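**Student:** Fold the following.
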Amino acid sequence: MDPVKYYLRQSTVIEPIIWNWYALPYLISPSTFPFFIYDKIKMMRSFIAAPDLHEMATSDAATVGRTFLNKPANQVGSVLQLLNRILSHTERHIEFADGVFKLNEYLLKEGNGYSLERLYKSVPEILKGYVELLYDINNQPGFRFFESLLYKSDLYDVSGQSFYLYKMNHLIRGHVLDTPRLDHNDAYELKTPFVDASIDKLSRLKSIPQSLEAIKLLLPEITDQLLNSLFTQVPPDFKADRNYDGRDIRIRFFGHACVLLQTSEVNILIDPFISYLNENDNYTFSDLPDHIDYVLITHNHGDHIILEYLLQLRYKIKNIVVPRNGNGNLEDPSLKRLLKSIGFENVIELDELDSIKIPGGEIIGLPFLGEHCDLNIHSKILHLVKLKNKSILLASDSSNLEIQVYKILKQIVGEIDIVFLGMESEGAPLSLNYGPFMPKELNKKMDHSRRVNGSDFESGYAIIKEFNPKEIYVYAMGLEPWTKYILGIMYTEESVQLQEAEKLISAASKEGIHAELLELKRELILNTDKENQ
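**Tutor:** Numbering: from 1, shown residues only. From the prediction side, this is the model:
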C-alpha cells in the first residue's frame with residue numbers, strides 16, 4: 001500500500017526573514033544590510049527603553065513605519081533577547097556602516113576638486129578594497145562600492161536567513177517595517193539560507209504531495225500540531241483554467257501591481273504579490289500557471305520586488321527581468337546580484353529601450369520617472385509588452401515629471417492599446433524608504449517634499465493623452481486587504497489618491513476611453529483577430 005501523502009496547505013505562509021525581520025531586498029545586499037539592520041537595532045533599543053510608548057504609538061495607523069516597534073510592552077524580554085542575538089552577529093556590519101558615514105564626511109571635507117588619489121590612504125580600514133573614490137562633473141566628491149567583491153566577503157552573511165511557516169492569519173501579519181517575527185507556538189522556523197533548494201521542495205508541496213517521512217526530513221522536529229495546521233491530505237482546488245491555450249491574450253489582475261499576461265505560447269507575471277486566501281473571490285497561488293516564462297520587476301520597492309512570493313515561485317520561473325543598474329551606489333544596489341545570490345539563475349537586465357524577444361512579440365523597457373525622491377536610482381523600468389498585434393504598458397508607480405519624455409517615446413513606440421497606471425499620488429516621505437542611508441536626518445519640511453509619489457490626475461492624464469489608449473486601468477493602489485502588512489495604507493473617501501484616480505477615470509470615460517480602478521481581481525480577454533478589431 002502506498003504511504004499516505006500530504007500537501008502543504010494553500011493558506012500556509014512561507015515567510016522569509018533575516019534576523020527575525022521580514023526579508024526586504026535592502027536586507028540582502030551586503031552594501032545595504034548594515035544600514036537597515038542598524039535601523040532595526042535602534043528601534044529595538046528604543047522599544048526596550050520605553051515599551052509602553054511604542055505600544056501606544058503603534059495602535060495608531062498614522063504611526064506605522066520605521067520609528068515605533070509593533071509589539072506589546074510585555075514582550076520587552078523577547079525583544080531584548082533578539083537584540084542581543086543580532087548584536088552578537090553584526091559587529092562588523094555596524095562597523096561598516098559607521099565607516100561609510102565617516103568616509104562620506106571625510107570626502108565632503110577633503111574632496112576639493114584636486115586628485116582623490118591621496119585620500120585612499122585615509123579610507124576606513126573595513127572599506128579598503130571595496131570602494132572607489134570619485135567626483136561627479138560638478139566636482140562633488142563621492143564613492144561607489146564594488147558590490148561583486150562585497151558578496152564574496154564576510155559581510156555577506158546568510159546565517160540570519162530563515163523561513164517562518166504558519167497558517168495565514170491577517171492578525172499576526174504586522175507591518176513589515178516595524179514588526180519583528182518573535183517566536184510563537186503557531187509557526188515553524190526552517191533555518192536555511194534563501195539560496196537553498198529546500199524552499200523549492202517545500203513550495204512544490206502545494207501541488208505535489210509527499211509522504212510524512214519525506215516532509216519530516218525537510219522539516220526536522222516539526223510537531224504534530226503544526227503538521228496538522230500546515231499540511232493536509234486533501235488535494236488543492238487548482239483552477240482548471242490556470243493555463244491558457246486560447247488564440248487571444250488573457251490578462252489577469254491579481255491585486256496591487258501584480259498582472260499576469262498569457263497567450264498559448266508565453267506566461268508573463270509582473271511584480272508578483274499573491275494572496276494566500278480566496279476571501280474576496282480573488283486570485284490566489286492556485287490561479288497561477290504551471291510555469292512562468294518571464295517575471296518582470298518594475299522597481300526596487302518592497303511592494304514590487306517581494307522575496308516572499310519570488311522564492312515560492314522560484315522553481316517555476318524560467319527568467320526574471322530586472323532594471324539594469326549596479327553602478328555601486330549605496331542607495332541603489334544591484335538587483336541582478338541580489339537575485340542571483342538567493343538562487344535565481346536566469347536574471348536578465350533590461351535598460352531603457354532595450355528589447356527582449358518573446359514568442360509572439362517583445363518586452364521593451366521604457367523610462368520610469370517619479371516615486372524615487374529625486375535620488376540617483378537606476379533600478380526602475382516601465383514595461384511595454386507587445387503580444388501579437390496588441391501593446392500593453394505597465395506603468396506601475398511612475399509619475400509624469402516631464403511630458404517631453406512621453407512625447408519622444410510616442411514617436412518611437414507609437415500609440416498603446418492598454419495602459420496600466422499607478423496613481424498613489426501622495427506616497428510616503430523620503431525617510432521611510434531611504435532614511436537609513438542618510439548621513440544626516442532631513443528636516444521634516446524637506447523630507448515631506450520628496451515623496452514616493454505616483455501620478456496624480458494632471459500628470460497621469462497627460463500620459464494618457466499622449467499614447468491614446470483604448471483602455472486605462474488604474475492599479476498599484478494598495479486597496480487589497482492582503483497588501484496591508486507591506487503597504488500599511490488605509491484609505492478613506494477623502495483620500496487624495498482615490499480622488500485623483502476618480503478624476504482620471506471620469507475624464508477618460510468622457511472621451512470614450514474605457515477606464516477602471518482595479519481592486520481584488522479582474523480578467524480581460526484581448527481579441528487579436530485583426531478582422532474583428
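**Student:** Number of residues surrounding the nearest residue to residue 204 once chain neighbours are set aside?
**Tutor:** Nearest non-adjacent residue to residue 204, counting by CB to CB, 6 or more residues apart in numbering: residue 315, 6.1 Å away. All C-beta atoms are positioned from the backbone trio N, CA, C, and that covers glycine. For residue 315, the count of nearby residues is 15 (other CB atoms under 10 Å).
**Student:** what does residue 483 give?
**Tutor:** The number of residues packed near residue 483 is 21, by other CB under 10 Å.
**Student:** and the longest helix for the chain?
**Tutor:** The longest helix of the chain (DSSP state H) is helix 91-110.
**Student:** Now it - C-alpha only, CSV.
**Tutor:** The C-alpha trace of helix 91-110 is given here as CSV (Å, rounded to 0.1, in the frame of the first residue of the first chain):
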residue,chain,number,x,y,z
GLU,A,91,29.5,43.9,14.9
ARG,A,92,31.4,44.1,11.6
HIS,A,93,28.3,45.3,9.7
ILE,A,94,27.8,48.1,12.2
GLU,A,95,31.5,49.0,11.8
PHE,A,96,31.0,49.0,8.0
ALA,A,97,28.0,51.4,8.2
ASP,A,98,29.9,53.7,10.6
GLY,A,99,32.9,53.6,8.2
VAL,A,100,30.7,54.6,5.3
PHE,A,101,29.3,57.6,7.2
LYS,A,102,32.9,58.6,8.2
LEU,A,103,34.2,58.3,4.6
ASN,A,104,31.3,60.4,3.3
GLU,A,105,32.1,63.1,5.9
TYR,A,106,35.8,62.9,5.1
LEU,A,107,35.3,63.3,1.4
LEU,A,108,33.0,66.3,1.7
LYS,A,109,35.7,67.9,3.8
GLU,A,110,38.8,67.0,1.8
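**Student:** Mind listing residues that contact that helix?
**Tutor:** Contacts of helix 91-110 with the rest of the structure, by CB atoms under 8 Å, 6 or more residues apart in numbering, involve 33-35, 37-38, 41, 116, 119, 122-127, 131, 133, 141-143, 154-155, 157, 330, 439.
**Student:** Now do the SS call for the residue nearest the centre of the chain.
**Tutor:** Nearest to the geometric centre of the chain sits residue 305, at 2.4 Å (CA atoms, centre = their mean). Here residue 305 is coil, with the state taken from DSSP: H, G, I helix; E, B strand; the rest coil.
**Student:** for the nearest residue to it once chain neighbours are set aside, what are its contacts?
**Tutor:** Take residue 305 and drop its neighbours on the chain: the residue closest to it by CB to CB, 6+ apart is residue 297, 5.0 Å away. Residues counted as contacts of residue 297 (CB under 8 Å, 6+ apart) are 271, 304-305, 320-323, 335.
**Student:** hmm, try it at 10 Å
**Tutor:** Contact analysis of residue 297 by CB atoms under 10 Å, 6 or more residues apart in numbering lists 25, 270-272, 304-306, 310, 320-323, 335, 339, 347, 350, 379-381, 383, 396.
**Student:** ok, now residue 275?
**Tutor:** Applying CB under 10 Å, 6+ apart to residue 275 gives the contacts 10-11, 168, 254-256, 258, 282-285, 287, 480-483, 520-521.
**Student:** how about the strands in the stretch 201-350 of the chain?
**Tutor:** Listed in chain order, the strands of the stretch 201-350 of the chain (DSSP state E, counting those that start in this stretch) span 210-211, 231-232, 249-255, 258-262, 267-270, 292-296, 317-323, 347-350.
**Student:** Where does pLDDT dip in the stretch 1-150 of the chain?
**Tutor:** For the stretch 1-150 of the chain, the stretches flagged by pLDDT under 70 are 1-2, 61-63.
**Student:** And the helices in it?
**Tutor:** Remark: helices assigned in the stretch 1-150 of the chain by DSSP state H, counting those that start in this stretch are 33-49, 51-57, 76-89, 91-110, 147-151.
**Student:** winner for burial among the ones you listed?
**Tutor:** Most buried of the helices of the stretch 1-150 of the chain, by mean neighbour count (mean count of other CB atoms under 10 Å): helix 33-49, with a mean of 20.
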